[in-house]
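In: My questions concern the predicted model and sequence given below.
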Amino acid sequence: MLAARPRFYRAGRLSPLTTLAIRGVAVLLLVGIALGGHWIERSGLRDNTDGAVSFLDIVYFTVITVTTVGYGDIVPVSDAARMFDTFVVTPIRIFVFLIFLGSAYSFMLRQGWERWRMGFIRRELKDHVIVCGYGRSGSAAVSELLERDHPAERIVVVDTNADRLRLAEELGVATVEGDATHNKVLEIARVETARTVIVCPGRDDTAVLIILTCRRLSPQAAVAVSIAAIENELLARDAGASIIVNPVSFGGQLLAQCTAGPHVADYVADLVTRNGKIELRERAVRADEVGSAAREVTSGQIVRLYRGDRAISIDEPDAQHLQAGDLVIELVEPRRRSSTP
């Protein structure tokens, strides 16, 4: 499993308008500092128009100085006023410029660029995996996919929790904030071109609704769902789930099986995780294997054969002649992973 670098993280909750208001207050504060300094040192200023420097003249001079307009009708003549402009007003001028530049980038350039970039990525997205729900099961599924060298750019996480999505983005995957039971949200995730949809929202009723939405938008995609209650498995199957995983019943079965020996759980963990000593792999029968018996295949140990919708044990007669289009489940040792496609 991938281990993220531990750090304290809290997503920002400020709206764009709030952020803009804070920046506006910062600009007013900086201008106020310059205004106060000019008012204190007003004796060091000279008005070339009427010779008198009023408060309105100070406001006018401060604004045109901070904004670098500088008409020259009011000028600093004393050393103190010149030093104040040099070492205080000049940094204020730079900070104000950076605030305006950052605001323009954040609210105009960056948002436009991000919309264009996200649109381009969405248009190119296909044969990807969508993970609906980034709780414990969803995050574990994403980490295992990445551990199995699945490209991060071909994983899309959908969740309503912005904090969870920020954690997912740290792994390099794309995210969509929204309710996966809604058509629009899954359309943004390009479910119509997805290869697999993993459904693990943490609630069985929500999972069934997501399955129905997926099947309406993408009948061809494989849908794997995590169901907690055994009585809801049939509902998930009727809704269109291709694969149903019940972590509660599976965990109970594994615990019961451990009474027959202390190493059963360790072996099963090896089978289902990338870092195990042995791995389960599903693949199509290759052309050079057509006509051979399942036991004769040397790339790995075939433990089950699928022909259409029928599961075939390797001891059955139909497993003695592999056919084109068959799918096999085989055990592969780590040293053989790099030599088999």
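Out: Thanks, I have the structure now. The structure displayed is predicted, hence computed values, not measured ones.
In: was I right about residue 55 contacting residue 39?
Out: Yes - between residue 55 and residue 39 there is a contact at 7.1 Å, judged by Cβ atoms under 8 Å. (Each C-beta comes from the backbone N, C-alpha and C, glycine too.)
In: if you count what's nearby, which of the two comes out ahead?
Out: Counted by other Cβ atoms under 10 Å, residue 55 and residue 39 do not tie: residue 39 has more neighbours, with 14 against 10.
In: And that one, how far from residue 32?
Out: 10 Å (Cβ to Cβ, to the nearest Å).
In: Need the CA coordinates for stretch 190-200. CSV is fine.
Out: What follows is stretch 190-200 as a C-alpha-only set of coordinates in CSV (Å, rounded to 0.1, in the frame of the first residue of the first chain):
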residue,chain,number,x,y,z
ARG,A,190,-16.8,10.5,-18.0
VAL,A,191,-18.5,7.3,-16.8
GLU,A,192,-19.6,6.6,-20.4
THR,A,193,-16.0,5.9,-21.4
ALA,A,194,-14.9,4.3,-18.1
ARG,A,195,-13.6,0.7,-18.0
THR,A,196,-14.5,0.0,-14.3
VAL,A,197,-16.5,1.8,-11.6
ILE,A,198,-15.7,1.0,-8.0
VAL,A,199,-18.6,1.8,-5.7
CYS,A,200,-17.9,2.2,-2.0
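In: Let me see the confidence value for residue 92.
Out: On pLDDT, residue 92 comes in at 93.
In: Report how many residues lie close to it.
Out: For residue 92, using other Cβ under 10 Å, the count is 21.
In: Nearest spatial neighbour of it, chain-adjacent residues omitted?
Out: Closest residue to residue 92 apart from its sequence neighbours, by Cβ to Cβ, 6 or more residues apart in numbering: residue 30 at 4.7 Å.
In: Ok, residue 88 next?
Out: residue 37 (5.8 Å).
In: Give me the below-cutoff pLDDT ranges for the stretch 201-341 of the chain.
Out: By pLDDT under 70, the low-scoring segments of the stretch 201-341 of the chain are 274-275, 334-341.
In: My reading is that residue 175 is in a strand; is that accurate?
Out: Yes - if the criterion is DSSP: H, G, I helix; E, B strand; the rest coil, then residue 175 is within a strand.
In: so what's it up against?
Out: 156-159, 165, 168-169 (Cβ atoms under 8 Å, 6 or more residues apart in numbering).
In: pLDDT value on it, please?
Out: For residue 175, the model assigns a pLDDT of 89.
In: rewinding a little: how much space between the residue nearest to residue 88 and residue 214?
Out: Taking Cβ to Cβ, one finds residue 37 at 64 Å from residue 214.
In: Same check on residue 128?
Out: Counting by Cβ to Cβ, the gap from residue 128 to residue 214 is 13 Å.
In: returning to what we had before: who's more crowded, residue 37 and residue 214?
Out: A count of neighbours by other Cβ under 10 Å puts residue 214 above the other of residue 37 and residue 214, at 27 against 19.
In: Could I get the CA-only coordinates of the helix or strand containing the more buried one as PDB?
Out: If you go by DSSP states H and E, residue 214 is part of helix 204-217. Below are the C-alpha coordinates for helix 204-217, written out as PDB (Å, rounded to 0.1, in the frame of the first residue of the first chain):
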ATOM      1  CA  ASP A 204     -25.700   0.100   0.900                       C
ATOM      2  CA  ASP A 205     -28.700   2.200  -0.200                       C
ATOM      3  CA  THR A 206     -26.400   4.900  -1.700                       C
ATOM      4  CA  ALA A 207     -24.300   2.200  -3.400                       C
ATOM      5  CA  VAL A 208     -27.400   0.700  -5.100                       C
ATOM      6  CA  LEU A 209     -28.400   4.200  -6.400                       C
ATOM      7  CA  ILE A 210     -24.900   4.800  -7.800                       C
ATOM      8  CA  ILE A 211     -25.100   1.400  -9.600                       C
ATOM      9  CA  LEU A 212     -28.400   2.300 -11.200                       C
ATOM     10  CA  THR A 213     -27.000   5.700 -12.300                       C
ATOM     11  CA  CYS A 214     -23.900   4.000 -13.700                       C
ATOM     12  CA  ARG A 215     -25.900   1.400 -15.600                       C
ATOM     13  CA  ARG A 216     -28.100   4.100 -17.100                       C
ATOM     14  CA  LEU A 217     -25.100   6.100 -18.400                       C
END
